[in-house]
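A.B. asks: Give the three-dimensional model of this entry:
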Amino acid sequence: MSFLNNLWYGKTLSAYLLQLPLLPFSGMFAVIAAARRSFYANGLCHKSGPVVPVVVVGGLTVGGTGKTPICIALALELSARGFKPGILTRGYKSNCPSFPCQVPLTGAPEVYGDEPCLMRQATHVPVVIDPKRSRGADYLAGLGVDVIITDDGLQHYALDRDVEICVLDGARMLGNGHLLPAGPLREAKWRLKTVDCIVVSGAVAHLGHYPMRYKQTSLTPLNPNSHEVLEPQSKVCALAGIGNPDRFFKTLEDCGYVVAQKVELGDHGRISLDKLKKLAQTKPVVMTAKDAIKYQAEAQNDNLNNIFVLNITAQLSKQFYDDVVNKIKQASYKVAQRRKQREAKGYTLAPIEPIEPEVLPPQADPAKLSRAMLSAQANQTSHGASSSSTSESEAACPPVVSAAPAGAAVDVPALETTSTSVIPETASEQAATLAPEPTTGLDSAAREPGSTEPELQAPASADASRAATAAPTTEAADAAEAAAEVEAEAEPKAPRVKRSRSLKKPRKDSSSENAAGAAAPAPETTAPETAPNSDDGHDIFALKKQRSYDPAKLPRELKRKRVNKDAATAESKDEA
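C.D. replies: A predicted model of the protein is given here:
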């Protein structure tokens, strides 16, 4: 363990004693950081944002926490969901001639840096380097992107942002909890309450955090012309030039390799080519993909062997991607207001030509796609497969080759999403579509798997042929009747009439109603078919409970009841 790791993450007595003289400087750092945040929040320092949403991927601690793999995974997922993302980075240890600077697909790491070149080759999306991130964000917007992913810019408050993602190392978390230099924190722990998403890498996340784990995708030779294969349980020399090398060493051990020698170069570190050759002569050397970017050209020119690259991908939950996409969509109003304010000050979005023609991103492995994308592709291909034969579907989606020579690239074919089938709209059309076609004995015999008869016989007589075609016709008729019943049930029901308080249920008086019927017969009216024939006073409410009725007939029924009741009252008074 290095000195800083022991100071920040160690729990020994010596680590506590070393922290004591540094605590006053941590207090000064906290005051400076708080004043800086206050200046930006109150408008004393100018901040601006582009006219597209900005997603910031950063951390609270110094060192590697997995921000670059998350940026790569997020860019690939957004591209798969129809967005046009772009990545903005500061370009640590880059030697660009001017800023902002576009990273070409075959850019040299000595000029553009290792991380920008890695992200460009892994995602094929535009990558721009600019220490002044607000200027670089406007440059990306001019390239035509509709969402910007910022690598390690959580504390860069000059850039206005819409979504904040904080990444923590699951093994080390926040260390001793002190700010720099006594601890690894750039900001205090309270900052976690203000971010939108918290991702914990390499461990089980706490409640409300999103877990992220690394998955080994391949172990390939550094030299693309080599066909070497590294067997499991081999003793290797692990070389890491990242912020948290212990995580890489543990990943190698989890993959089944024995780490016999460890070489730590520090974050963005580099070893000379002669020393790398000497290490490869003793035992196989395994390095990260971030380190391989720096030695790939030299390994191909000098034909280096016995050096391998461990390629890993960050696996995040579908819920994480859904939440990020929802927050991007929710920020549309804020982005529109920001654009209106900038246009009021004279800003115009000038289109910028890319230095390279647009290149489609590499086809993602179906195992790496989210469940939403897999289900969408499966639904689209299922409609196309319903109107094509088995041979056509196999031609559209050829099988994936399971084995390939070492060092060779395997292309995963894209799923065909074009469909020419028409989905029936009504139930009768669906029944007619699903109804089996009349088949003959020749067709049925031809469809039987394993049939070995050289010649198929037709039905012996006309009765047999009629019997062969009668069953499908009956099934089609049954299907049509079922569809008619479904359409009848699907018809909109008549609206229910809300019972008014004034419509009280009349008392049951059979004698008065009989007398009223004899004295003043009610005019003949045509009652609805669904109205009850009983005259006991409850027919109105029974009428309302019917499945279908005519609301216009309801007042007429009430009027007839009242006329009959008045006539019965008058008849009783005359008799008295």
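
A.B. asks: Which residue, other than its chain neighbours, is closest to residue 197?
C.D. replies: residue 165 (4.6 Å; C-beta to C-beta, 6 or more residues apart in numbering). The C-beta positions use only the backbone N, C-alpha and C, and glycine is treated the same way.

A.B. asks: who's in contact with the one you found?
C.D. replies: Contacts for residue 165 (C-beta atoms under 8 Å, 6 or more residues apart in numbering) come out as 55-58, 70, 195-199, 324.

A.B. asks: Show me these that map onto strands.
C.D. replies: Among the contacts of residue 165, the ones falling in strands (DSSP state E) are 55-58, 197-199.

A.B. asks: Let me see the backbone angles for residue 316.
C.D. replies: Residue 316 adopts backbone torsions of phi -120, psi 160, taken as degrees, to the nearest 10.

A.B. asks: Could you find the closest non-adjacent residue to it?
C.D. replies: Sequence neighbours aside, residue 212 is the residue nearest to residue 316 in space, at 5.3 Å (criterion: C-beta to C-beta, 6+ apart).

A.B. asks: returning to that earlier point: take the contacts of residue 165 and lay them out in TSV including neighbour count and pLDDT.
C.D. replies: Formatted as TSV, the contacts of residue 165 follow (neighbours: other C-beta atoms under 10 Å; pLDDT from 0 to 100):
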residue	neighbour count	pLDDT
55	26	97
56	25	97
57	26	97
58	21	95
70	23	95
195	16	96
196	15	96
197	20	95
198	18	95
199	25	95
324	22	97
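
A.B. asks: secondary structure element for the residue lying closest to residue 123 once chain neighbours are set aside?
C.D. replies: In space, and not counting its chain neighbours, residue 123 is closest to residue 75: 4.4 Å by C-beta to C-beta, 6+ apart. Taking DSSP states H and E as the criterion, residue 75 maps to helix 67-80.

A.B. asks: residues in contact with that helix?
C.D. replies: Contacts of helix 67-80 (C-beta under 8 Å, 6+ apart): 55, 57-59, 85, 87, 115, 118-119, 122-123, 125, 147, 149, 151-152, 165, 167, 199, 201, 212, 214, 290, 312-316, 321, 324-325, 361, 364, 368-370, 373.

A.B. asks: buried ones in the helix or strand hosting residue 35?
C.D. replies: In the assignment (DSSP H and E), residue 35 maps to helix 23-41. Buried residues in helix 23-41, counting neighbours by 16 or more other C-beta atoms under 10 Å, are found at 26, 29-30, 33.

A.B. asks: how about those, which pair is most distant?
C.D. replies: The largest separation in the buried residues of helix 23-41, counting by C-beta to C-beta, is between 26 and 33 at 10.4 Å.

A.B. asks: which neighbours do those two share?
C.D. replies: residue 179.

A.B. asks: one step back: so what's the residue nearest to residue 123 scoring on pLDDT?
C.D. replies: On the pLDDT scale, residue 75 is placed at 97.

A.B. asks: Same check on the one 5 residues further on?
C.D. replies: The pLDDT attached to residue 80 in the predicted structure is 96.

A.B. asks: again with residue 531
C.D. replies: Residue 531 carries a pLDDT value of 43.

A.B. asks: what angle do the helix or strand where residue 299 lies and helix 67-80 make?
C.D. replies: Using DSSP H and E, residue 299 falls within helix 289-302. If you take axes from the mean of the first three to the mean of the last three C-alpha atoms, to 10 degrees, helix 289-302 sits at 90 degrees to helix 67-80.

A.B. asks: And the buried residues of helix 23-41, which is closest to residue 355?
C.D. replies: Among the buried residues of helix 23-41, residue 33 lies closest to residue 355 (C-beta to C-beta), at 37.1 Å.

A.B. asks: Please name the nearest non-neighbouring residue to that closest one.
C.D. replies: Closest residue to residue 33 apart from its sequence neighbours, by C-beta to C-beta, 6+ apart: residue 187 at 6.2 Å.

A.B. asks: Repeat that for residue 198.
C.D. replies: Nearest non-adjacent residue to residue 198, counting by C-beta to C-beta, 6+ apart: residue 209, 4.5 Å away.

A.B. asks: Who are the contact partners of that neighbour?
C.D. replies: Counting by C-beta under 8 Å, 6+ apart, residue 209 touches 168, 198-200.

A.B. asks: Quick check: it vs residue 171, distance?
C.D. replies: For residue 209, the distance to residue 171 (C-beta to C-beta, to the nearest Å) stands at 14 Å.

A.B. asks: Now do the strands in the stretch 1-150 of the chain.
C.D. replies: 54-58, 85-89, 101-102, 127-129, 147-151 (DSSP state E, counting those that start in this stretch).

A.B. asks: can you list the domain ranges for this structure.
C.D. replies: By the assignment in automatic domain parsing, the chain contains the domains 215-313, 510-575.

A.B. asks: quick revisit: by how many degrees do the helix holding residue 75 and strand 147-151 diverge?
C.D. replies: 170 degrees.

A.B. asks: For the residue nearest to residue 198, give me the pLDDT.
C.D. replies: For residue 209, the model assigns a pLDDT of 90.

A.B. asks: could you measure it against residue 190, distance?
C.D. replies: 16 Å.

A.B. asks: hmm, back to that, in the helix holding residue 75, what's buried?
C.D. replies: So helix 67-80, judged by 16+ other C-beta under 10 Å, has buried residues 67-80.

A.B. asks: Reformat those as a markdown table; add distance to residue 246.
C.D. replies: Shown next, in a markdown table, are the buried residues of helix 67-80 (distance: C-beta to C-beta, whole Å):
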| residue | distance to residue 246 |
| --- | --- |
| 67 | 17 |
| 68 | 17 |
| 69 | 16 |
| 70 | 19 |
| 71 | 22 |
| 72 | 21 |
| 73 | 22 |
| 74 | 25 |
| 75 | 27 |
| 76 | 27 |
| 77 | 28 |
| 78 | 31 |
| 79 | 32 |
| 80 | 32 |
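
A.B. asks: Between those residues, which sits nearest residue 230?
C.D. replies: Closest to residue 230, out of all of the buried residues of helix 67-80 and judged by C-beta to C-beta, is residue 69, at 22.1 Å.

A.B. asks: Checking residue 342 next. Helix, strand or coil?
C.D. replies: helix (DSSP: H, G, I helix; E, B strand; the rest coil).

A.B. asks: quick one: contacts for it?
C.D. replies: By C-beta under 8 Å, 6+ apart, the residues touching residue 342 are 48, 51.
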